[in-house]
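**Student:** let me see the structure of the following:
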Amino acid sequence: MTAPARRPDQEREGQDLRDGGPEPTRPVAVPCPDPALLVERAAEQWRHQLAARAGRSALADVDRLADAQLDLSAAHPSGLAQLLAGRPTRLSNLVREGGALSLAKRRARAVGALADDHAHRYGLASAFLAIGVATWSEPADGDGEAPALTSHPGSAEPGEPAAGPEGGEANRSRTVRAPVLLRPVAIAARGRGESDYDLTLEPSLEVNPLLASALRSRGALLDPAALARGAFTETGFDPAPALERLSALGAAVLDDFRLEDRLLVGTFVHPEQVLVEDLDAQAPHLHEHEVVRALVGDRRAVDALAHPLPPDLPGDRPLEQERGVGDLDPAQTYVLDAVAAGHHVLVDAPTGSDVPGTLAAVIAEAAAAGRTVLYVPGNRRAGEALIERMRLLGLDSLVLDIAPDASWRTGVGQSLLSAMTVEPVHVEADHVAIVQRELLDRRGRLHGYIEGLHTPRHPWEASAYDALQALARLTAGRPAPQTRVRLTAQVAQSLTTERRGQAAA
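**Tutor:** Sure, this is the predicted structure:
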């Protein structure tokens, strides 16, 4: 019996098996990717994109501020001592020469305008007094980790790297000119036409996070918070020990490190830089949140979030089942139901809707359940609208407002202290019962009105609402009806559906 002819691919497959080659192709089970690995890869991309934008921050190069910086390095000693002591100081007491004062006023106006823009657009208090400017070289070949603001460890920004002695790619470097110590400052105009400015320093200090990251990544033992706290002594503010410590560490671990004795006022915080720091701080725990896992494509997280929203419950609720605070419409109540059920939701609020009222209701509901809410407004105006609504509802004590000004640290501390000493609010149970009875009575009357408005009437089989709609259509037509005839009750009762149709025809 003749064997069937074999195809060439079968011949190759058999030869591979005899030679110990690969086995025939067959379905292989692909394991699900690790959610933590997916989140880590996505976080790398997010950080790369943020860091590329944050590279424009003046924390990496003070010269980026251009004219929006005020140099007080040569300020008058008496005015400078007053400023560093934390007392409001006029710019004219710091810069006393006429021509230099005019330039200083223009610079102060530019710094104040940029700080106000950051406050309204991003909610950031970005104006600082920079004490000292550090300069060093960052390698571009990955030998050392670059500061936190660079788009990739060891990379240089476009247009900034300088070629080394050989002009090779590996010898490129990036020069960093970073402020060293940062103390928040408030700038306020004085007089008509902004004839002078008041500068006030806040009693806090921080080390430039870019400099701290560069030092610690190279093995330097540095506690930035402790170093900053040490600048405030019983005799007053003295940044010299902190500057000496940072200078010694920089000279030991950074290439071409120099520290210049300068005082600059400018906006040294960038929104993307803040997001980079926040992302780095939360990176170890990002994979624990199901929304983040769903965003990076974890199918199990997507399926877990795909459960249906709670049903929409029409009509009024019993008093013990009502949620939130204030006068809420059905759509706002449904948002509270979805949030209370534990859903992650995006609420699309159309133009003209009561967004502050919805947010206030969510905050009140969370507070009643022992939960907390972090609200990040799109702009400062939205945040102020929510605070005002909470005040009108008598719930302003629930809000801790971190205002975008230099004194926010002091204000937050005072608010927390006041909250811890507030006496419990006494609620009059009898008054609440009276209000609830009145609410139920008005709700019942309103329900009766609505029911009567929509009840069909015999013999016309039409409701009062239908009559109002028909009347509105008649009066909206052009030309409008001209007759002044009024029908008697007997004639109106005789207008059955059939006779109305005949009359209309």
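**Student:** so where's the longest strand in the chain?
**Tutor:** Longest strand of the chain, by residue count under DSSP state E: strand 173-190.
**Student:** just the CA atoms of the helix or strand that that strand is followed by, as CSV, please.
**Tutor:** Moving toward the C-terminus from strand 173-190, the next helix or strand (DSSP states H and E) is strand 196-201. Output of strand 196-201 as CSV, limited to C-alpha atoms (Å, rounded to 0.1, in the frame of the first residue of the first chain):
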residue,chain,number,x,y,z
ASP,A,196,6.5,100.5,47.2
TYR,A,197,6.3,96.9,48.3
ASP,A,198,6.2,95.1,51.6
LEU,A,199,8.2,91.8,51.9
THR,A,200,7.4,89.5,54.7
LEU,A,201,9.2,86.2,55.4
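**Student:** what count of nearby residues applies to the nearest residue to V302 once chain neighbours are set aside?
**Tutor:** Excluding the flanking residues, the one nearest V302 by Cβ to Cβ, 6 or more residues apart in numbering is A294, at 4.7 Å. All C-beta atoms are positioned from the backbone trio N, CA, C, and that covers glycine. Using other Cβ atoms under 10 Å, A294 has 19 neighbouring residues.
**Student:** pLDDT on the helix or strand hosting A294, on average?
**Tutor:** A294 belongs to helix 290-295 when assigned by DSSP H and E. On average, the pLDDT along helix 290-295 is 91.
**Student:** re the thing from before, I'd like to know which elements the longest strand of the chain is packed against.
**Tutor:** helix 98-122, strand 127-139, strand 196-201, strand 206-207, helix 209-217, helix 240-253, strand 255-267 (3 or more Cβ pairs under 8 Å, 6 or more residues apart in numbering; DSSP states H and E).
**Student:** now these in CSV, with distance to P184, mean neighbour count and mean pLDDT?
**Tutor:** Below are the helices and strands packed on strand 173-190 laid out as CSV (distance: least, Cβ to Cβ, whole Å; neighbours: other Cβ atoms under 10 Å; pLDDT from 0 to 100):
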stretch, distance to P184, mean neighbour count, mean pLDDT
helix 98-122, 10, 17, 89
strand 127-139, 6, 23, 90
strand 196-201, 7, 20, 92
strand 206-207, 9, 19, 92
helix 209-217, 15, 22, 88
helix 240-253, 16, 17, 93
strand 255-267, 11, 18, 92
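**Student:** H287 is nearest to which of those?
**Tutor:** Nearest of these to H287, taken as Cβ to Cβ: helix 209-217 at 23.3 Å.
**Student:** so, low pLDDT: which residues of the stretch 51-200 of the chain?
**Tutor:** For the stretch 51-200 of the chain, applying pLDDT under 70 flags the ranges 54-56, 140-172.
**Student:** so which residues of the stretch 1-150 of the chain form helices?
**Tutor:** 8-18, 35-54, 77-84, 91-94, 98-122 (DSSP state H, counting those that start in this stretch).
**Student:** among those helices, which is nearest S407?
**Tutor:** Here helix 98-122 is closest among those (Cβ to Cβ), at 12.2 Å.
**Student:** ok, back up a step: out of the helices and strands packed on strand 173-190, flag the one nearest Q502.
**Tutor:** Q502 sits nearest to helix 98-122 of all these, at 66.9 Å, using Cβ to Cβ.
**Student:** thinking again about what came up before, any chance of the helices of the stretch 1-150 of the chain in a markdown table, plus distance to A492?
**Tutor:** Shown next, in a markdown table, are these (distance: least, Cβ to Cβ, whole Å):
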| stretch | distance to A492 |
| --- | --- |
| helix 8-18 | 91 |
| helix 35-54 | 71 |
| helix 77-84 | 86 |
| helix 91-94 | 82 |
| helix 98-122 | 62 |
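**Student:** closest to Q273 out of the ones you listed?
**Tutor:** helix 35-54 (4.1 Å).
**Student:** what's the helix holding A294 packed up against?
**Tutor:** Packing contacts for helix 290-295, counted by 3+ Cβ pairs under 8 Å, 6+ apart, involve helix 35-54, helix 299-305.
**Student:** centre of the chain to the last one, how far?
**Tutor:** Okay, so that is helix 299-305. Centroid displacement of helix 299-305 relative to its chain, using Cα atoms, centre = their mean, to the nearest Å, is 26 Å.
**Student:** and if you look at the first one?
**Tutor:** Computed by Cα atoms, centre = their mean, the separation of helix 35-54 from the middle of its chain amounts to 18 Å.
**Student:** just want the angle from it to helix 209-217.
**Tutor:** Note on geometry: by axes from the mean of the first three to the mean of the last three Cα atoms, to 10 degrees, helix 35-54 and helix 209-217 are set 130 degrees apart in direction.
**Student:** return the list of helices and strands in contact with helix 35-54.
**Tutor:** Counting contacts by 3+ Cβ pairs under 8 Å, 6+ apart, helix 35-54 packs against helix 271-282, helix 290-295.
**Student:** give the buried residues for the longest one.
**Tutor:** Using 16 or more other Cβ atoms under 10 Å as the test for burial, helix 271-282 gives P271, E272, Q273, V274, L275, V276, E277.
**Student:** and stretch 456-464, by the same measure?
**Tutor:** Neighbour counts over stretch 456-464 (16+ other Cβ under 10 Å) mark no residue as buried.
**Student:** circling back to that earlier point, export the helices and strands packed on helix 35-54 to JSON lines and tack on distance to A189?
**Tutor:** Formatted as JSON lines, the helices and strands packed on helix 35-54 follow (distance: least, Cβ to Cβ, whole Å):
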{"stretch": "helix 271-282", "distance to A189": "25"}
{"stretch": "helix 290-295", "distance to A189": "44"}
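**Student:** which among those helices is found nearest to L50?
**Tutor:** L50 sits nearest to helix 271-282 of all the helices and strands packed on helix 35-54, at 4.9 Å, using Cβ to Cβ.
**Student:** for that closest one, packing partners?
**Tutor:** Using 3+ Cβ pairs under 8 Å, 6+ apart, helix 271-282 sits against helix 35-54.
**Student:** all helices for the stretch 401-505 of the chain, in order.
**Tutor:** Going by DSSP H, counting those that start in this stretch, the stretch 401-505 of the chain shows helices at 408-420, 429-454, 464-476, 489-494, 497-504.
**Student:** alright, calling it a day.
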